[in-house]
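# 3D model of this:
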Amino acid sequence: MRFVHLADLHIGIRVNGFSMLDDQIHILDQILGKIEEINPDGVLIAGDVYDKAQPSSQAVKLLDEFLQRMLRPDRRVLIIPGNHDSPERLSFGAGILSRQGLHIAGPYEGKLEIVTMRDEFGEADIALLPFLRPASVRPFAGGRDIESTADAVSFALSQSDFYTDKRRILLAHQFVVAGGQLPLRSESETAYAGGIEAIDISLFDAFDYVALGHLHKPQKMGKDHIRYAGSPLKYSFAESKPDKSIVQIDLLDEGEILITEHRLEPLHDLREIKGSFSDLIAEGARLLWVDDPVRLDFLKVVLTDTEVLADPLPNLRRYYPNIMQMQLERARYDIAIEGQPQAEDLRSLSGGEMFAKFYQSREGRGLSDKERQILNRLKIKDFFVREEAER
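As a prediction, the model looks like this:
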């Protein structure tokens with residue numbers, strides 16, 4: 001029985017104010033191509049399907065198209081909600097969709113959903129464990145003490161019927177440790193205080209494979225069969241290695257497994273470049289001349305200049321349009337970069353406010369008094385009138 005393990009798609013995410021939708025379209029299309037090559041019996045998606053509990057219409061449409069292209073009569077797709085998802089919204093219509101081979105776990109209601117699949121070696125149970133916090137489980141615990149996430153997960157697993165003669169797979173979206181060893185993390189993940197959110201891999205002893213989501217760096221946790229798939233794209237500059245992949249799992253007889261990783265290639269990398277202003281300008285001009293697409297990568301720029309620079313951002317953006325962050329190395333502070341406003345934010349802006357935001361994003365500075373006077377003469381007054389009234 002063959003599976004593909006994915007996690008942390010975060011469809012609709014914005015990184016430093018930049019929409020990643022085009023890059024997500026590219027990577028999801030690549031994932032679909034690899035799934036067709038691998039030809040799995042099932043696809044496991046371990047949470048954080050969306051980046052927000054209320055995803056945009058574009059994000060919903062992209063997921064719908066992704067799942068439509070993935071589904072086949074002989075293939076199951078199994079999804080759990082992560083901490084970024086709304087379980088109720090994600091699982092809307094789950095009863096109907098399960099008849100088409102799409103199984104989406106909803107909020108925890110006292111018992112895990114278990115999907116049974118069969119091959120020449122017999123049956124395998126796949127348990128769908130949605131993201132849990134203690135408060136999610138207490139109403140079903142009959143007065144038992146559920147103080148930590150480990151308590152919650154332990155109780156949820158204890159209420160499910162697993163047969164010893166079946167192979168077992170678990171989908172989970174939690175912060176997992178291996179005997180006190182912490183996993184590799186990046187700044188794009190939610191930080192948790194203390195150890196109350198951590199659960200140990202010993203809770204998963206009954207499973208032949210544990211498909212984890214939640215952390216964005218792909219990694220095994222203590223044992224080969226307990227794995228974070230990682231996110232398909234980089235969502236922070238702490239993720240420097242080009243190690244994004246999807247995981248192929250071949251579940252053989254008596255729980256034996258074979259694991260194969262299939263590397264993914266992004267449309268644009270997310271990386272750091274470092275150097276003096278003049279050197280970076282020269283390199284940017286060269287990249288533009290040879291039409292090298294790496295100049296379109298999402299960048300953190302670290303400037304090593306010792307002298308004061310006047311508005312370096314707009315000059316650099318002529319060659320590197322997707323600069324997300326900029327830092328003056330010797331000054332030890334970052335230059336603030338205002339991200340691209342979201343569509344819902346733009347609807348509440350006046351024409352003048354919208355132009356001011358656009359100007360700020362392109363030039364790296366606000367409008368001067370002289371420029372404001374010119375815009376007033378052009379009848380773009382509503383922003384400035386409102387601003388004067390607030391002073």
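# Double-check that Pro242 belongs to a helix.
No: per DSSP: H, G, I helix; E, B strand; the rest coil, Pro242 lies outside any helix segment and is coil.
# how many other residues sit next to it?
Using other Cβ atoms under 10 Å, Pro242 is surrounded by 13 other residues. For every residue, glycine as well, the C-beta is placed using N, CA and C.
# show me the residues around it that make contact.
Arg263, Asp269 (Cβ atoms under 8 Å, 6 or more residues apart in numbering).
# Ser154 now?
Leu203.
# one more time with 10 Å
Ser154 makes contact with Val137, Ile146, Ser148, Ile199, Asp200, Ser202, Leu203 under the criterion Cβ atoms under 10 Å, 6 or more residues apart in numbering.
# same thing with Leu32?
Glu65, Phe66, Arg69, Met70.
# Helices - which of those land there?
The helices, defined by DSSP state H, take in Glu65, Phe66, Arg69, Met70 from those.
# Can you get me a residue count around the second one?
The reference is to Phe66. 21.
# so how far is Phe298 from it?
Distance from Phe66 to Phe298, counting by Cβ to Cβ, to the nearest Å: 22 Å.
# Where does pLDDT dip in the chain?
The chain contains residues with pLDDT under 70 at 163-164, 181-196, 331-353, 360-366, 376-391.
# mind giving me the domain split of it?
Residue ranges for the domains of the chain, per automatic domain parsing: 2-263, 270-340, 341-391.
# hey, which of those domains is tucked in deepest?
domain 2-263 (a mean of 18; mean count of other Cβ atoms under 10 Å).
# pull the CA atoms of the longest helix along the chain into PDB?
The longest helix of the chain (DSSP H) is helix 21-38. The C-alpha atoms that make up helix 21-38 are tabulated as PDB, following Å, rounded to 0.1, in the frame of the first residue of the first chain:
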ATOM      1  CA  LEU A  21      -0.400  32.500  -4.200                       C
ATOM      2  CA  ASP A  22       1.400  32.300  -7.600                       C
ATOM      3  CA  ASP A  23       4.300  30.300  -6.000                       C
ATOM      4  CA  GLN A  24       1.700  28.000  -4.300                       C
ATOM      5  CA  ILE A  25       0.000  27.400  -7.700                       C
ATOM      6  CA  HIS A  26       3.400  26.400  -9.100                       C
ATOM      7  CA  ILE A  27       4.300  24.100  -6.200                       C
ATOM      8  CA  LEU A  28       0.900  22.400  -6.000                       C
ATOM      9  CA  ASP A  29       1.000  21.700  -9.800                       C
ATOM     10  CA  GLN A  30       4.500  20.200  -9.200                       C
ATOM     11  CA  ILE A  31       3.200  18.100  -6.400                       C
ATOM     12  CA  LEU A  32       0.300  16.800  -8.600                       C
ATOM     13  CA  GLY A  33       2.900  15.800 -11.200                       C
ATOM     14  CA  LYS A  34       4.900  13.800  -8.700                       C
ATOM     15  CA  ILE A  35       1.700  12.200  -7.300                       C
ATOM     16  CA  GLU A  36       0.900  10.900 -10.800                       C
ATOM     17  CA  GLU A  37       4.400   9.500 -11.100                       C
ATOM     18  CA  ILE A  38       4.300   7.800  -7.700                       C
END
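# On the C-terminal side of it, identify the next helix or strand.
Toward the C-terminus, helix 21-38 is succeeded by strand 42-46 as the next helix or strand (DSSP states H and E).
# now for that following strand, which elements pack on it?
strand 2-6, helix 57-70, strand 76-80, strand 102-104, strand 122-128, strand 167-173, strand 209-213, strand 245-251 (3 or more Cβ pairs under 10 Å, 6 or more residues apart in numbering; DSSP states H and E).
# Please name whichever of the ones you listed is nearest to Leu90.
Nearest to Leu90 among these is strand 102-104 (6.0 Å), distances taken as Cβ to Cβ.
# Centre of the chain to the closest one, how far?
Centroid separation between strand 102-104 and its chain, computed with Cα atoms, centre = their mean, to the nearest Å, is 20 Å.
# Could you identify the helix or strand that succeeds that strand?
Counting by DSSP H and E, the next helix or strand C-terminal to strand 102-104 is strand 113-119.
# That next one - which strands sit beside it in the sheet, and in what orientation?
Paired strands of strand 113-119, with direction, are strand 122-128 (antiparallel) (DSSP bridges).
# residues making contact with whichever helix or strand comes after the partner strand?
Next helix or strand after strand 122-128 toward the C-terminus (DSSP H and E): helix 134-137. With Cβ under 10 Å, 6+ apart as the test, helix 134-137 has contacts from 87, 107-110, 130, 141, 144-156, 159, 196-197.
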